[in-house]
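In: have a look at this prediction, sequence included:
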Amino acid sequence: MSRGEAIGCRSIQIFNQSPRAWRPTRYTEEDFAEFRDRMAESGIESVIIHAIYLINTATPDRELREKSRTALMHALRVGDSIGADGVVLHPGSRKQEDPVPAIVRSGEMIGEALSETERCPILIEQMAGHANILAHTFEEIAGIIEAAGGGERLGLCLDSCHLFAAGYDIGTYSGIDRMLEECDRFLDRHRLRALHLNDSKEPLGSRRDRHEDIGKGRIGETGFARFLSEEAFDGLPATMETPGPERKGAVASDLALANRLMRRGRAARHRRKQ
Ligand SMILES: [Zn+2]
């Protein structure tokens, strides 16, 4: 949290444990209380948890299912304890299988994890579409949400890099409109709860997920000005997962640039309407 605070963030994303290991971090009630106190004192309005990358909600393997469910529930319980706005989840891979049974299994596990926990939502992240990773289309995300019971604790997180890699040209107005139209065809707009802001090192439709600093990748500054000023995104918690100048994540100047591009985009949209 201190880094987010130092660079002037209004929303932060954290891992509740090391994202590439199963071993959970154990927290005490005092840890949670301290986190909540520091949140209240900081200017940070929203905290999102990112679930670990090892989770595969779609797997048929019994041991991996058990580990995945436990890890997901742990993240949700931490989310409940700190008042997070959601746990962002990569649902996982279908491997060589058809999508439908994988989507059903994914939804089942998500539904179970929700029923065992209290409040914190699961935000399914739209993915770049590499290999057989689920959730690169809104249709698949809708399928998972339906299989998970369709409740109010199920939401969507959009990632600008993933959208671009999945073939949505979100650096253009028409590309943003097409993406939102497709989203609306399968999902209620109220499912959209969070944004990840990343530029893309790879070209449009590459299906490769390689994050770049805002404005320095294939989406570019003009593209981000358009994306960030889209009204459908107003008020959503947004976090950057960019490399940053020292490969340690975004810094204050990255945040300032994003804010500047958002203002520039809003002015350009205003002029377009006149
Ligand atoms: Zn993610």
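Out: That came in fine, so what should we check first?

In: for the stretch 151-274 of the chain, which segments count as strands?
Out: Per DSSP state E, counting those that start in this stretch, the stretch 151-274 of the chain has strands spanning 154-159, 192-197, 199-200, 211-212, 238-240. These are given in chain order.

In: could those be laid out in a markdown table, adding mean pLDDT, mean neighbour count and distance to residue 18?
Out: Glycine gets a C-beta too; all of them are placed from N, C-alpha and C. As requested, the strands of the stretch 151-274 of the chain are exported to a markdown table (pLDDT from 0 to 100; neighbours: other C-beta atoms under 10 Å; distance: least, C-beta to C-beta, whole Å):
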| stretch | mean pLDDT | mean neighbour count | distance to residue 18 |
| --- | --- | --- | --- |
| strand 154-159 | 98 | 25 | 21 |
| strand 192-197 | 97 | 22 | 20 |
| strand 199-200 | 97 | 26 | 26 |
| strand 211-212 | 95 | 20 | 19 |
| strand 238-240 | 93 | 24 | 19 |
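
In: so which of those is nearest residue 219?
Out: With distances scored as C-beta to C-beta, the stretch of those nearest to residue 219 is strand 199-200 (4.9 Å).

In: what is that closest one packed up against?
Out: Here strand 199-200 touches helix 160-165, strand 211-212, going by 3 or more C-beta pairs under 8 Å, 6 or more residues apart in numbering; DSSP states H and E.

In: mind listing the strands it pairs with, and their directions?
Out: Sheet pairing here is set by DSSP bridges, and for strand 199-200 it gives strand 211-212 (antiparallel).

In: which other residues reach the strand it pairs with?
Out: Strand 211-212 is touched from outside by 161, 198, 199, 200, 201, 217, 218, 241, 242, 243, with contacts defined as C-beta atoms under 8 Å, 6 or more residues apart in numbering.

In: may I ask which two of these are separated the most?
Out: Largest separation among the contacts of strand 211-212 by C-beta to C-beta: 218 and 241, giving 16.2 Å.

In: counting neighbours, go ahead and name the busier of the two.
Out: The neighbour count for residue 218 versus residue 241, taken as other C-beta atoms under 10 Å, is higher for residue 218 (19 against 15).

In: most tightly packed of the helices and strands packed on strand 199-200?
Out: helix 160-165 (a mean of 27; mean count of other C-beta atoms under 10 Å).

In: returning to what we had before: of all the helices and strands packed on strand 199-200, which lies closest to residue 250?
Out: With C-beta to C-beta, the closest approach to residue 250 among these belongs to strand 211-212: 10.1 Å.

In: looking at the helices and strands packed on strand 199-200, which is nearest to residue 90?
Out: Taking C-beta to C-beta as the measure, those were each checked against residue 90, and helix 160-165 came out nearest at 9.8 Å.

In: name the helices or strands packed onto that closest one?
Out: Packed against helix 160-165 by the contact rule (3+ C-beta pairs under 8 Å, 6+ apart) you find strand 192-197, strand 199-200.
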